[in-house]
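> I'll drop the sequence and a predicted model, then ask my questions.
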Amino acid sequence: MNPGIIYLVGTSGHPNFGDEFIAAAWLKYLAVARPDADVWLDSPQPGMAQVLFEGLHPRLRVTNTLWRLVHENAELPADEAAKNIRERVTGLGTPAYDLGLLKMREAESLHLIGGGYVNETWPHHAGLVVGMRAVGEMTGAKLFATGQGLMPVLSPAPAETPLFRGFTYARARDEASAAAHGLEVGLDDAFLGIEEELSRTEAAPGLYVCIQSDMADPGRLESAVELARAEIERATSQGIAAYYVEAIPGFDRTAYERLADLIPEERFVPFVHVWNHGLPLSDQQTWVTSRFHLHLLAAAAGARGIAVGMKKGYYDVKHESVTALGSGWPLALDEGRPAMPAQAGPLAANLPALLARKRAEAETLYPAQPGVPAQPASSAAKLFNLARSGVSRRGRG
């Protein structure tokens, strides 16, 4: 086991703003805390991930070893898939995998970074945990899981239970996921990157919209678009400009095309712009969005909004985890059309404490190595002091 290798496993490279944001947050943290470590990211789309994360860590390498193994066994019964994955990881035997699996054995830790991708929606993804556990049992590598969204719960139970048996550290990001797998509740991994994102860009005041067309219950796209249309028309009648933000290319364009008569193309903010220049964030905004991480980041900036649930048992759990933290956003389900809240919830005011809590988790898992300069004091403390003194954050990007 090489003490210099950190192995991350995440669903990066789609691109999907939330998943990419989480991976980037960990890479940026490690670039400061562990700049001399070799960091391997195991991703289902390593080519695109390499482009997205170029330069975020000086020793980043990207592969798809574990994801390829999981996908290869995706159609098999859970017990058979788990057996095959474990046997391949421990027994080797094919040049198609051996070099990648041998590299995994050199890791000091294997870390399933956050997101909502190990659950009944994609039950074969439980094989990621099986493979990680097999490596840990062989080499003694530490196993981490952070910010996990595990609903809807795997049914039947995964082939190897409990799901995170043998993990050094495992946290869920919502109460339902924690209860289902006997974990403590932590925070979504996006909290590791929120502080920087809030300072990346200036955002014009206005109404911001993002409605997905993927992973939606029957009829939800139509009703969500109608809700967004009503809010856009209301904003326009008040002289407020409306913008459309793309979190996943293509899947978020469908709803925009149905709203293009109200939002001109020059106010469409594509994923590439968001990734390169930052998500437009301000406490001078209102939002209508089905995307979980747009809800989280916009509420953290002090924006008001309406969260739109697109798939029951999955997206409603995600959004409710943010409302539980104080976003103040109502959740629109089925045909419901809740009113835009008159004021922001307490999430933005409580943000410094949440950032400090997530930073403490990262420092516990990856303490800076001897000889690595200490990181500058987090500006979370400055935000906390501003909040206490009542200084307005209005208009900050």
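Happy to help now that I have it. Residues are numbered from 1 along each chain as shown.
> So the nearest residue to Arg337 once chain neighbours are set aside, which state does it fall into?
Distances taken as Cβ to Cβ, 6 or more residues apart in numbering place Leu227 nearest to Arg337, at 5.3 Å, with adjacent residues excluded. Placement of C-beta: from N, CA and C, glycine included. Three-state call for Leu227 (DSSP: H, G, I helix; E, B strand; the rest coil): helix.
> begin at 137 from here
Sounds good: first residue 137 from here, last item Leu363.
> ok, Leu363 touching Val424?
Yes. Using Cβ atoms under 8 Å, Leu363 is in contact with Val424, at 6.6 Å.
> tell me what the helix or strand hosting Ile368 is packed against?
With secondary structure defined by DSSP states H and E, Ile368 is part of helix 356-373. On a contact count with 3 or more Cβ pairs under 8 Å, 6 or more residues apart in numbering; DSSP states H and E, helix 356-373 meets strand 342-346, strand 378-381, helix 389-395, strand 421-425, strand 440-444.
> Need the contact partners of the first one.
Strand 342-346 is contacted from outside by 364, 367-368, 371, 376-383, 388, 391, 395, 399, 416, 420-427, 430, 434, 439, using Cβ atoms under 8 Å, 6 or more residues apart in numbering.
> Put the buried members of those residues into a ChimeraX selection.
Those of the contacts of strand 342-346 that count as buried under 16 or more other Cβ atoms under 10 Å are selected in ChimeraX with:
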select :364,367,368,371,378,379,380,381,382,383,388,391,395,399,416,420,421,422,423,424,425,426,427,430,434,439
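> got the contact list for the residue lying closest to Val265 once chain neighbours are set aside?
Excluding its sequence neighbours, the residue lying closest to Val265 (Cβ to Cβ, 6+ apart) is Leu299, at 5.9 Å. Neighbour list for Leu299: Val254, Ala262, Val265, Leu286, Leu290, His317 [criterion: Cβ under 8 Å, 6+ apart].
> now Met240
Neighbouring residues of Met240 by Cβ under 8 Å, 6+ apart: Tyr143, Trp176, Thr201, Leu202, Val225, Leu246, Val271.
> still on that earlier bit, quick one: pLDDT of the residue nearest to Val265?
pLDDT, Leu299: 97.
> next one: the one 5 residues further on
According to the prediction, Thr304 has pLDDT 98.
> So what sits opposite the nearest residue to it once chain neighbours are set aside in the bridge?
Once flanking residues are discounted, Thr304 sits nearest to Lys278: 4.4 Å by Cβ to Cβ, 6+ apart. Counting by DSSP bridges, Lys278 forms beta bridges with Ser245.
> Where neighbours are concerned, which of the contacts of Leu299 has the most?
Ranked by the number of neighbours (other Cβ atoms under 10 Å), the contacts of Leu299 place Val265 first, at 28 neighbours.
> how far away is that one from Leu202?
10 Å (Cβ to Cβ, to the nearest Å).
> And Ile399, by the same measure?
Note on Ile399: its distance to Leu202, by Cβ to Cβ, is 41 Å.
> before we move on, what about Thr282?
Taking Cβ to Cβ, one finds Thr282 at 17 Å from Leu202.
> swap in Met476?
Remark: distance between Met476 and Leu202 (Cβ to Cβ) = 43 Å.
> So if I had to pick from the two, which one is more boxed in?
Shown here are Met476 and Leu202; by other Cβ under 10 Å, Leu202 has more neighbours (27 against 16).
> Enumerate every residue touching the more buried one.
So Leu202 contacts Val145, Asp178, Met240, Leu264, Gly267, Met268 (Cβ under 8 Å, 6+ apart).
> who wins for neighbours among those?
Busiest of the contacts of Leu202 [other Cβ under 10 Å] is Asp178, holding 31 neighbours.
> so what's it up against?
By Cβ under 8 Å, 6+ apart, the residues touching Asp178 are Tyr143, Leu144, Val145, Gly146, Thr199, Asn200, Thr201, Leu202, Trp203.
> Okay, and which of those residues map to strands?
Among those, the members found in strands (DSSP state E) are Tyr143, Leu144, Val145, Thr199.
> Of the residues you listed, just say which sits nearest to Leu357.
Of all the ones in strands among the contacts of Asp178, the one with the least separation from Leu357 (Cβ to Cβ) is Val145, at 31.3 Å.
> Now do the contacts for the closest one.
Taking Cβ under 8 Å, 6+ apart as the test, what Val145 contacts is Leu177, Asp178, Leu202, Trp203, Leu246, His247, Leu248, Ile249, Leu264, Met268.
> Can you give me the distance of it to Leu328?
16 Å.
> Same question for Gly146.
13 Å.
> for stretch 425-443, how far is the first residue from the last?
End-to-end distance for stretch 425-443, by Cα to Cα, to the nearest Å: 5 Å.
> Show me how far it is from its chain's centre.
Chain-centre distance of stretch 425-443: 13 Å, with Cα atoms, centre = their mean, to the nearest Å.
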